[in-house]
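# Okay, structure incoming, though there's no sequence with it:
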């Protein structure tokens with residue numbers, strides 16, 4: 001299990017950043033949106049594989065739901081796009097999207113069986129859809145883009161922060177289901193942090209592993225209580241969780257004076 005999570009952590013290093021500003025200056029806004037959504041899809045895929053290794057199939061379905069939601073944003077964006085000077089064929093791309101939808105549907109069916117071996121094989125088709133598009137357009141930055149963190153610990157911490165922000169947003173809007181989903185994703189990253197061998201912050205600052213492990217375990221406990229409140233009351237006070245996580249964030253930010 002730890003070996004598999006280590007491999008997935010390495011994959012995370014090479015994953016793309018959703019907000020990376022990789023379009024050329026003066027390029028169309030649609031190109032930037034297109035790349036952002038496509039890279040969100042790849043991040044969703046990565047989380048699918050992680051949750052499968054965790055054998056948390058309920059969480060896998062959450063990631064698949066987000067993957068499909070990002071796919072729905074794509075049509076209409078790619079018709080006039082150029083990737084590194086090569087025009088994307090709309091018809092061929094639509095076929096790729098349809099193949100991806102079928103792959104996701106097949107994985108969801110496999111999840112119902114809870115056959116782990118069968119489930120592990122299914123995401124390969126999702127990955128091949130991403131890889132095929134990049135190879136066709138001769139893109140070289142599928143696993144490496146500007147502004148992408150090469151520090152897995154930092155990436156996971158930022159993912160926790162981003163997902164907790166979404167929890168707060170959806171609770172404010174009264175959407176307990178989405179709030180619960182994002183809380184589950186934040187908990188996934190807390191789990192991954194626990195399984196890291198080395199806690200290294202920005203610029204190589206090595207953090208106190210024992211203390212941080214205790215903080216992370218406490219945060220997991222608070223998260224479980226929050227999830228119960230969300231399910232039973234359709235609301236929750238996330239401030240204690242945010243304050244607790246802030247003690248972990250300060251470990252990195254304070255020594256380096258990061259705003």
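Here it is on my side, so go on. In this text the structure is predicted, and so the values were computed from the model without any measurement. Numbers count the residues shown, from 1 in each chain.
# the helices in the stretch 151-259 of the chain, which residues?
152-173, 176-194, 209-233, 239-256 (DSSP state H, counting those that start in this stretch).
# export the ones you listed to a markdown table and tack on mean pLDDT?
Converted to a markdown table, the helices of the stretch 151-259 of the chain look like this (pLDDT from 0 to 100):
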| stretch | mean pLDDT |
| --- | --- |
| helix 152-173 | 90 |
| helix 176-194 | 92 |
| helix 209-233 | 89 |
| helix 239-256 | 72 |
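# Give me whichever of these is most buried.
helix 176-194 (a mean of 20; mean count of other C-beta atoms under 10 Å). All C-beta spots, glycine's among them, are computed from the backbone N, C-alpha and C.
# what's in contact with that helix?
5, 8-9, 47, 50-51, 54, 56, 58-59, 62-63, 65, 153, 156-157, 159-160, 163-164, 166-167, 170-171, 199, 212-213, 216-217, 219-220, 223-224, 226-227, 230-231, 234-236 (C-beta atoms under 8 Å, 6 or more residues apart in numbering).
# Next up, the contacts around the spatially closest residue to residue 198 that is not a sequence neighbour.
Closest residue in space to residue 198, ignoring its immediate chain neighbours: residue 206 at 7.1 Å, by C-beta to C-beta, 6 or more residues apart in numbering. With contact set as C-beta under 8 Å, 6+ apart, residue 206 has these partners: 198-200.
# Compare those and tell me which has the most neighbours.
residue 199 (21 neighbours; other C-beta atoms under 10 Å).
# Next up, phi/psi of it, please.
phi -100, psi 100 (degrees, to the nearest 10).
# What separation is there between it and residue 230?
As defined by C-beta to C-beta, to the nearest Å, residue 199 lies at a distance of 29 Å from residue 230.
# and what of residue 114?
Counting by C-beta to C-beta - residue 114 and residue 230 are separated by 25 Å.
# ok, now residue 217?
21 Å.
# so the residue nearest to residue 198 bridges to which residues?
For residue 206, the beta-bridge partners are residue 200 (DSSP bridges).
# tally of neighbours for residue 67?
Residue 67 - counted by other C-beta under 10 Å - has 22 other residues nearby.
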